[in-house]
Structure formats: C-alpha cells, structure tokens
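Visitor: build me a model:
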Amino acid sequence: MLDDRGFVASCNFTNVFIIRGEELWTSTGTTCFNGITRANVTKLWRDAGKPVFEKDYTLAETYGADEAFVTGTLGGITPVTMIDGRKVRAGKLGPVTSLMSDLYRTYIGE
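Guide: Take a look at the predicted model:
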C-alpha cells in the first residue's frame, strides 16, 4: 500500500521491509502503523551491527529489492517472494531474510 505521496507504507496489517545488500529498508512510520514486530526487527538488525533505514522509498525501488519480507504480530517475519506479479529473488527465500528470521525466533524464545 502506498501513502498519499506515493511511497511504500505498509501491507494489510503488516509492515514492509525490503533488503538491498545487508540494508533493511522500511517506511518512515509517518503513514503506517508502528508495529511491535517492526520495532523488534529494526532493533535486532541494528544490534547485529547491520544497517536499517527508515525512509521513503518507491514501488520501483521495491521491485528492485534483493529480498523482501513483512512483519506482523501473527505472522512474525513472512518472506515475500512476489510483488505485483514480479518475482523477488527468483521466488525463493533469501539469506538476509533467513538470518533475520533466526534472530527474531531466538529473540522470542522459539
């Protein structure tokens, strides 16, 4: 879902993250809800010494992402393998999403 300026904001009941290299990008939180899982993911990635950017980014930048995932209370971290009919990472789980999932599962004691 895009905000009123055309930037990526969120999905239904989830927050969106895209990955470029080892950078996590998520929206600024100005027009999306600031979910608890979103906050935990950004903190865990920063604590691991990795870069997180809360910024405005376009749908075109999303299409060019190396990986993508969404976060939410019920789903935790859910990999995104297709956006608007375009495959992300050839439709397969990527290494950064996998690592982030491992960090999150450890954090919640799973």
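
Visitor: strands of this structure, start to end?
Guide: 15-20, 23-26, 52-54, 67-72, 76-79, 82-83, 86-87 (DSSP state E).

Visitor: I'd guessed residue 31 sits against residue 8; true?
Guide: No. Residue 31 lies out of contact with residue 8 (C-beta atoms under 8 Å); the separation is 9.9 Å. For every residue, glycine as well, the C-beta is placed using N, CA and C.

Visitor: hey, what's the residue nearest the centre of the chain bridged with?
Guide: In the chain, the residue lying closest to the centroid (C-alpha atoms, centre = their mean) is residue 17, at 1.6 Å. Under DSSP bridges, the beta-bridge partners of residue 17 are residue 26, residue 69.

Visitor: show me the contacts for it.
Guide: 24, 25, 26, 41, 68, 69, 70, 71 (C-beta atoms under 8 Å, 6 or more residues apart in numbering).

Visitor: need the pLDDT of residue 59.
Guide: Here the pLDDT value assigned to residue 59 is 92.

Visitor: quick one, what contacts it?
Guide: 2, 6, 8, 84.

Visitor: ok, which stretches of the chain are helices?
Guide: 36-47, 59-63, 95-108 (DSSP state H).

Visitor: one step back: can you flag the buried ones in the contacts of residue 59?
Guide: Listed as buried from these are residue 8; burial here means 16 or more other C-beta atoms under 10 Å.

Visitor: can I get the strands of the chain in a markdown table with mean pLDDT and distance to residue 110?
Guide: What follows is these, written out as a markdown table (pLDDT from 0 to 100; distance: least, C-beta to C-beta, whole Å):
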| stretch | mean pLDDT | distance to residue 110 |
| --- | --- | --- |
| strand 15-20 | 94 | 19 |
| strand 23-26 | 96 | 20 |
| strand 52-54 | 95 | 22 |
| strand 67-72 | 94 | 15 |
| strand 76-79 | 94 | 8 |
| strand 82-83 | 92 | 26 |
| strand 86-87 | 92 | 28 |
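
Visitor: same list (the ones you listed) but as JSON lines, adding distance to residue 96.
Guide: Below are these laid out as JSON lines (distance: least, C-beta to C-beta, whole Å):
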{"stretch": "strand 15-20", "distance to residue 96": "5"}
{"stretch": "strand 23-26", "distance to residue 96": "8"}
{"stretch": "strand 52-54", "distance to residue 96": "12"}
{"stretch": "strand 67-72", "distance to residue 96": "5"}
{"stretch": "strand 76-79", "distance to residue 96": "10"}
{"stretch": "strand 82-83", "distance to residue 96": "16"}
{"stretch": "strand 86-87", "distance to residue 96": "17"}
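
Visitor: I'm done for today, thanks for sticking with me.
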